[in-house]
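Undergrad: Make a model of this:
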Amino acid sequence: MATLTSDEKGKSFSEFEPLKPYISLRSLGTYEKVNINVETDSDSSSDDSDDERVTPLQMENSARLLASIMMTTLSSTTEKKNEKNNTNNTNINNNNNHPSQNKLLSAYCCHNCFSQEKIDDIMKLTEIHVAKHGWLTKRHAQHPTTDFSLLDAPLVWAAAEPIITNKVLPTLISLYFNNDDGDDDNNNSYSNNKQVTLKINDLFYVRYDGDTENAQRELEAHRDGSLLSFSIALTSPDSFIGGGTRFVGSSQVLRPEKAGDLVLHSGKVLHAGEMVTKGVRDILVGFVTASGTCINETFLASHMVTRCPVDDNGLLDSPIVNGALIRTAL
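TA: The predicted model follows:
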């Protein structure tokens with residue numbers, strides 16, 4: 001799978017310039033109190049129930065604890081290195097100066113990720129693959145889509161992967177981990193230790209069909225298994241009605257303007273695929289894991305995150321996303 005690592009200043013090592021967004025949605029998630037439907041009957045507390053409920057405060061406390069443990073480990077490692085180099089300077093700064101807006105609570109859309117020539121190439125290869133292997137509808141255990149993995153279609157993978165590595169991953173690093181906007185003056189724990197590695201752990205071709213009976217037209221509200229997600233529009237918005245990515249907590253919908261446009265967001269923000277009522281909407285979807293000293297990896301891997309409910313109307317978006325980064329978890 002494609003991988004890209006940034007340097008210590010949050011710059012990607014790619015020789016390609018990151019794409020610039022023409023749409024930016026801010027403040028995703030829910031900031032008003034909403035009621036989460038929690039069963040209080042005595043029967044619901046039996047051990048055979050798999051519905052594990054968690055409050056925003058519990059989420060925040062868990063993230064803070066796990067981030068503190070990671071910071072302690074990093075501090076210890078840094079102090080040993082400093083002692084060896086006869087210096088008392090440390091790059092770890094445990095403080096509570098949180099940024100006003102976690103960048104992961106934003107979504108973006110960028111033009112010209114794929115050229116029309118590249119789209120035509122990918123779609124022709126897709127036709128060949130689907131004619132031989134068909135579409136899959138149960139590849140994901142939860143929230144499945146009508147799709148196929150590009151790992152099962154090596155020719156499609158070969159056509160798409162270089163652009164994913166050279167355009168998508170550098171753009172993700174630029175928008176979510178690069179502090180060139182100057183908001184990191186008081187957040188050395190992030191700015192001096194934010195080397196991050198992004199890795200594609202799933203890349204798949206999805207079809208929403210508003211014309212065929214019993215075909216998939218939409219996708220219910222869900223959170224992805226990855227911290228970051230992206231989609232690339234392969235069909236022109238003029239060829240279908242509806243579609244787009246809806247962020248449940250803020251009720252904002254992000255719709256690309258052209259085929260080849262790139263949509264970027266955190267997979268941990270509750271989102272849904274809007275219904276396609278007419279025509280066919282094809283997209284290329286990628287799930288991206290992030291690792292490094294700025295990521296609260298233990299928290300993201302915990303059951304509290306991986307098994308959190310999806311009927312919270314976005315109430316848990318902010319605690320999860322803030323908990324994903326060391327500086328905003330503390």
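
Undergrad: center of this protein, which residue is that?
TA: The residue lying closest to the centre of the chain (Cα atoms, centre = their mean) is Leu228, at 1.9 Å.

Undergrad: Identify the residue spatially nearest to that residue, adjacent ones excluded.
TA: Val288 (4.1 Å; Cβ to Cβ, 6 or more residues apart in numbering). (Each C-beta comes from the backbone N, C-alpha and C, glycine too.)

Undergrad: What is the burial count for the one you found?
TA: 27 (other Cβ atoms under 10 Å).

Undergrad: same question, the one 5 residues further on
TA: Other residues near Thr293 number 22, with proximity taken as other Cβ under 10 Å.

Undergrad: what's across from Val263 in the sheet?
TA: Using DSSP bridges, the bridge partners assigned to Val263 are Cys109, Ser231.

Undergrad: What residues does it make contact with?
TA: Contacts here follow Cβ atoms under 8 Å, 6 or more residues apart in numbering; on that basis Val263 touches 107-109, 230-233, 245, 254, 256.

Undergrad: which one of the residues you listed is nearest Lys132?
TA: Using Cβ to Cβ, Ile232 is the member of these that sits closest to Lys132, with 23.2 Å.

Undergrad: For Tyr22, identify the helix or strand it belongs to.
TA: strand 21-25 (DSSP states H and E).

Undergrad: what's the offset of that strand from the middle of its chain?
TA: 16 Å (Cα atoms, centre = their mean, to the nearest Å).

Undergrad: looking just at contacts, which helices and strands does that strand meet?
TA: strand 107-110, strand 252-254 (3 or more Cβ pairs under 8 Å, 6 or more residues apart in numbering; DSSP states H and E).

Undergrad: Contacts for the first one, please.
TA: With Cβ under 8 Å, 6+ apart as the contact definition, strand 107-110 has outside contacts at 19-25, 28, 171, 175, 245, 247, 252, 254, 256-257, 261-266, 269.

Undergrad: I'd like the secondary structure assignment at Val285, please.
TA: strand (DSSP: H, G, I helix; E, B strand; the rest coil).

Undergrad: quick revisit: quick check: which of the helices and strands packed on strand 21-25 is nearest to Ser62?
TA: Using Cβ to Cβ, these put strand 107-110 closest to Ser62, at 25.1 Å.

Undergrad: now the helices for this structure?
TA: For the chain, applying DSSP state H gives helices covering 56-84, 116-133, 154-163, 169-177, 188-191, 297-301, 303-306, 317-324, 326-329.

Undergrad: what's the fourth one packed up against?
TA: Using 3+ Cβ pairs under 8 Å, 6+ apart, the elements in contact with helix 169-177 are strand 3-5, strand 196-209, strand 228-233, strand 262-266.

Undergrad: List the buried residues of the second one.
TA: In other words, strand 196-209. Neighbour counts over strand 196-209 (16 or more other Cβ atoms under 10 Å) mark 196, 198-200, 202-209 as buried.

Undergrad: where are the low-confidence patches of the stretch 1-150 of the chain?
TA: Low-confidence segments of the stretch 1-150 of the chain (pLDDT under 70): 1, 6-15, 30-52, 74-101.

Undergrad: One more pass at 50, please.
TA: Applying pLDDT under 50 to the stretch 1-150 of the chain flags residues 33-50, 83-100.

Undergrad: neighbours around the nearest residue in space to Leu300 that is not next to it in sequence, how many?
TA: In space, Leu300 comes closest to Ala324 once its chain neighbours are excluded; the distance is 5.7 Å by Cβ to Cβ, 6+ apart. Ala324 has 25 neighbours, counted by other Cβ under 10 Å.

Undergrad: For Val54, find the nearest of the helices and strands packed on helix 169-177.
TA: strand 262-266 (18.2 Å).

Undergrad: Just the buried residues of that closest one, please?
TA: 262-266.

Undergrad: How about stretch 124-139?
TA: Neighbour-count burial for stretch 124-139 [16+ other Cβ under 10 Å]: 125-126, 129, 135-136.

Undergrad: could I get it in PDB with only the CA atoms?
TA: Listed next in PDB are the C-alpha coordinates belonging to stretch 124-139 (Å, rounded to 0.1, in the frame of the first residue of the first chain):
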ATOM      1  CA  LYS A 124     -12.300   1.400 -19.000                       C
ATOM      2  CA  LEU A 125     -10.200  -0.800 -16.800                       C
ATOM      3  CA  THR A 126     -13.000  -1.000 -14.300                       C
ATOM      4  CA  GLU A 127     -15.500  -2.200 -17.000                       C
ATOM      5  CA  ILE A 128     -13.100  -5.000 -17.800                       C
ATOM      6  CA  HIS A 129     -12.700  -6.000 -14.100                       C
ATOM      7  CA  VAL A 130     -16.400  -5.900 -13.300                       C
ATOM      8  CA  ALA A 131     -17.300  -7.800 -16.400                       C
ATOM      9  CA  LYS A 132     -15.100 -10.600 -15.200                       C
ATOM     10  CA  HIS A 133     -15.500 -10.400 -11.400                       C
ATOM     11  CA  GLY A 134     -18.600  -8.400 -10.800                       C
ATOM     12  CA  TRP A 135     -19.400  -6.000  -8.000                       C
ATOM     13  CA  LEU A 136     -19.100  -6.800  -4.300                       C
ATOM     14  CA  THR A 137     -21.700  -5.800  -1.800                       C
ATOM     15  CA  LYS A 138     -20.500  -7.300   1.500                       C
ATOM     16  CA  ARG A 139     -16.800  -6.600   1.400                       C
END
